[in-house]
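A.B. asks: Okay, sequence plus prediction incoming.
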Amino acid sequence: MSGFSFLGLWIALAAVVLPTATAQSSSDCIKTLSNWGSLPTSMWSVQSPGKITFDNNNAQIYLQKPTSGKYGVGTDLHILQLSLYFGSIEWTVRQSGTPSMITYLTLLNTTTMDEIDIELYGNQPTTTVLTSKPHGSLTSGGRISGTTSSSNVANFHTYRIDWTPYNLTFSVDGTAAGTINKFQTWSNSSAMYQYPSSPSQIIMGVWDGQVEGDLEAGSFDWTTSPQPSYSSEISTLKVSCYTGPFPSQMNAPPSDPRSQDSNGANPNGKSIISSPVGGSSYGYSYTGVSVNPNDVTLVAGVSAGVGVFLMGIAATTLYVFYSYGNKRQRYIEPTNI
């Protein structure tokens with residue numbers, strides 16, 4: 001998934017002192033989202049026409065029958081306040097099983113266009129795919145297929161990403177499905193790794209693959225649909241920071257020993273990232289959202305004013321969910337919600 005712009009996200013930094021980054025505390029190293037129905041309405045929002053409901057504290061995310069056109073209307077849960085710079089994600093979900101419907105979790109950096117996707121396809125009840133799409137590429141980063149022991153339509157399964165400066169491993173229900181080795185992705189022509197390595201937001205949702213001609217999930221004629229919508233169900237999302245080593249030269253070619261050693265340091269200081277203050281262009285008043293100045297520093301390589309992240313976890317963390325009509329639109333930031 002690609003094509004998102006952070007225009008409109010302006011962060012007020014004038015009152016914040018930016019100290020040298022310190023080690024991330026253990027209490028900040030694991031963030032678990034569950035009991036979705038208990039989140040206050042002030043902590044999430046859905047932009048029409050997307051749809052989210054809550055059932056037994058799980059989040060139901062809907063693909064809806066279009067009122068015009070021939071493609072289903074998708075829904076995105078955009079977790080604005082929780083991003084990751086290497087680390088692990090465990091996502092427990094049950095998909096709809098509707099043909100053409102793709103249920104996904106994405107890690108996305110909208111500046112570098114680094115992207116990691118987990119996708120469940122509506123017509124494939126035991127298959128899940130992880131794709132790595134660095135620098136906006138759709139194919140160059142690698143692909144791993146995982147298999148569940150039972151239907152991922154009838155049952156919940158847990159999908160895990162372990163993302164480090166050295167490799168990317170995809171697991172299904174605790175069993176590794178495969179690993180992408182960073183050093184095997186080096187491109188001589190571009191003199192860079194085809195490997196995601198930038199702080200990324202976490203986005204979950206459903207969309208109609210037919211929008212972009214992606215028929216891996218099958219095809220579906222909405223004009224004959226007996227139902228107005230179909231939903232996938234999210235149980236939990238667990239995000240854990242990365243506390244392992246870093247190479248002393250992150251971008252050096254694999255022939256340089258410094259690219260694969262463990263003598264470096266996290267260039268951003270921390271692994272779990274949040275943006276605890278927001279811009280008025282989103283239509284929200286972020287009252288009660290505070291920042292601990294001792295846990296704040298700028299992420300390297302991201303300019304203030306557009307797409308700024310702040311490191312650390314806010315004293316009060318606000319999760320905001322956005323929803324968009326289809327894949328081509330869903331990363332266009334709303335100017336009025």
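C.D. replies: Yep, that arrived.
A.B. asks: Can you give the strand pairings for the strand or helix carrying residue 159, parallel or anti for each?
C.D. replies: Assessed by DSSP states H and E, residue 159 sits inside strand 157-163. Strand 157-163 has the following sheet partners, assigned by DSSP bridges: strand 87-94 (antiparallel), strand 167-172 (antiparallel).
A.B. asks: Any chance of the ones you listed in a markdown table with mean pLDDT, distance to residue 258 and mean neighbour count as columns?
C.D. replies: Where you see a C-beta, it was placed from the backbone N, CA and C, and this is true even at glycine. Shown next, in a markdown table, are the strands paired with strand 157-163 (pLDDT from 0 to 100; distance: least, CB to CB, whole Å; neighbours: other CB atoms under 10 Å):
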| stretch | mean pLDDT | distance to residue 258 | mean neighbour count |
| --- | --- | --- | --- |
| strand 87-94 | 98 | 23 | 20 |
| strand 167-172 | 98 | 17 | 21 |
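A.B. asks: Now those strands in a markdown table, please, with extra columns for distance to residue 230.
C.D. replies: A markdown table is the format used below for the strands paired with strand 157-163 (distance: least, CB to CB, whole Å):
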| stretch | distance to residue 230 |
| --- | --- |
| strand 87-94 | 12 |
| strand 167-172 | 23 |
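A.B. asks: Indicate which one of the ones you listed is closest to residue 201.
C.D. replies: strand 87-94 (11.9 Å; CB to CB).
A.B. asks: need the strands for the stretch 101-250 of the chain, in chain order.
C.D. replies: 101-108, 115-121, 127-133, 143-147, 157-163, 167-172, 175-181, 186-187, 192-193, 200-208, 229-241 (DSSP state E, counting those that start in this stretch).
A.B. asks: Comparing these by mean pLDDT, which bottoms out?
C.D. replies: Here the lowest mean pLDDT among those goes to strand 200-208, at a mean of 91.
A.B. asks: count of residues packed around the nearest residue to residue 142 once chain neighbours are set aside?
C.D. replies: Nearest residue to residue 142 in three dimensions, chain neighbours excluded: residue 180, at 4.1 Å (CB to CB, 6 or more residues apart in numbering). By other CB atoms under 10 Å, 22 other residues sit near residue 180.
A.B. asks: need the contact list for residue 180.
C.D. replies: With contacts defined as CB atoms under 8 Å, 6 or more residues apart in numbering, the neighbours of residue 180 are 132, 141, 142, 144, 167, 168, 169, 195.
A.B. asks: Could you dump these into JSON lines and include distance to residue 66?
C.D. replies: Output for the contacts of residue 180, formatted as JSON lines (distance: CB to CB, whole Å):
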{"residue": "132", "distance to residue 66": "31"}
{"residue": "141", "distance to residue 66": "32"}
{"residue": "142", "distance to residue 66": "34"}
{"residue": "144", "distance to residue 66": "32"}
{"residue": "167", "distance to residue 66": "41"}
{"residue": "168", "distance to residue 66": "35"}
{"residue": "169", "distance to residue 66": "38"}
{"residue": "195", "distance to residue 66": "37"}
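A.B. asks: Looking at those residues, which is nearest residue 99?
C.D. replies: residue 144 (23.2 Å).
A.B. asks: Counting neighbours, what do you get for that closest one?
C.D. replies: So residue 144, with other CB under 10 Å, has 20 neighbours.
A.B. asks: any idea how far it is from residue 160?
C.D. replies: 12 Å (CB to CB, to the nearest Å).
A.B. asks: Overlap in contacts, the two.
C.D. replies: residue 170.
A.B. asks: Ok, which of the strands paired with strand 157-163 comes nearest residue 237?
C.D. replies: For residue 237, the closest of those is strand 87-94, at 5.7 Å, according to CB to CB.
A.B. asks: Can you dump the C-alpha atoms of that closest one in PDB for me?
C.D. replies: Written as PDB, here are the backbone C-alpha positions of strand 87-94 (Å, rounded to 0.1, in the frame of the first residue of the first chain):
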ATOM      1  CA  GLY A  87      10.600  -4.300  16.900                       C
ATOM      2  CA  SER A  88       7.800  -6.900  16.900                       C
ATOM      3  CA  ILE A  89       4.100  -6.800  16.100                       C
ATOM      4  CA  GLU A  90       1.600  -9.600  17.000                       C
ATOM      5  CA  TRP A  91      -1.800  -9.200  15.300                       C
ATOM      6  CA  THR A  92      -4.700 -11.500  16.200                       C
ATOM      7  CA  VAL A  93      -7.500 -11.400  13.600                       C
ATOM      8  CA  ARG A  94     -10.200 -13.400  11.900                       C
END
